[in-house]
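J.: Dropping a prediction and its sequence here:
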Amino acid sequence: MSYKHHGTMKNPLSHTDQEGKARMVDVGGKAYQKRIAEASGLIRLSPGTLQAIRDNQLKKGDVLCVAQIAGIQAAKSCSGLIPLCHPLSLDHVQVEFELLKAGIRAWCRVGCTAKTGVEMEALTGVSLALLTIYDMCKSMEKEMLIEEIRLVKKEKEEISE
C-alpha cells in the first residue's frame, strides 16, 4: 500500500516520500545532541555449552571475546547493513555479557554526538554478538535459541554552547 500526498497534508511517515517510496530521512536541519542507546538480548544454551564457554573449551576459541568484538564491529557498520540508517561517527560502543543459568544475556551500549539516534547501532551490535555466540557454539549444540532482542534505553541530551 502506498501513501499518496494530497494538497497540504503532511506525510506522517518519515521514511517514505510523498509517493510512499522509501527514503532516507533528512536530518540536516536538526541540532547535534548527545545520544545513547542500549539494547539487550538472550541466547538460551544448555548447561554443557555454558560450561564449555566458561572454561574456554570451544574449538573456535574464546567465545565471549570474539562475540564482543563482533558486536562492536557490527554497531560501527550499521549504516552499511540497514539501508536507510544514517552513517554515524560513534564515540563509544560497549558490549557486555552475563552468564545465566539458562544462557547468556548480552548488552550493547552505544553513544555519539549526532543529529539522529543510535538505537539501530545498539540493536545491531547486540544481535551480532548473539549470532557470533551461536556460530561459535553450533558444532556443540543444535538447540540454541536467540530471543528477547530489544531496546532497553534511549536518551538524548542538548549540547550546551
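T.: Nice, thanks for sending it over.

J.: I'd say Thr116 and Val25 touch.
T.: Yes: if you go by CB atoms under 8 Å, Thr116 and Val25 touch, sitting 7.4 Å apart. Using the backbone N, CA and C atoms, a C-beta is placed for each residue, glycine as well.

J.: tell me the contacts of the closest residue in space to Ala70 that isn't next to it in sequence?
T.: Nearest in space to Ala70, with sequence neighbours left out and distances taken as CB to CB, 6 or more residues apart in numbering, is Thr132 at 4.0 Å. Contacts for Thr132 (CB atoms under 8 Å, 6 or more residues apart in numbering) come out as Val63, Val66, Ala67, Ala70, Gly71.

J.: neighbours around the first one, how many?
T.: Residues contacting Val63 under the criterion other CB atoms under 10 Å number 23.

J.: what do you get for the second one?
T.: By the other CB under 10 Å criterion, the neighbourhood of Val66 contains 17 residues.

J.: Please flag which of the contacts of Thr132 sit within helices.
T.: Counting by DSSP state H, the part of these found in helices is Val63, Val66, Ala67, Ala70, Gly71.

J.: In contact with the third one, which residues?
T.: Residues near Ala67 by CB under 8 Å, 6+ apart: Val95, Phe97, Ala106, Ala129, Leu130, Thr132, Ile133, Met136.
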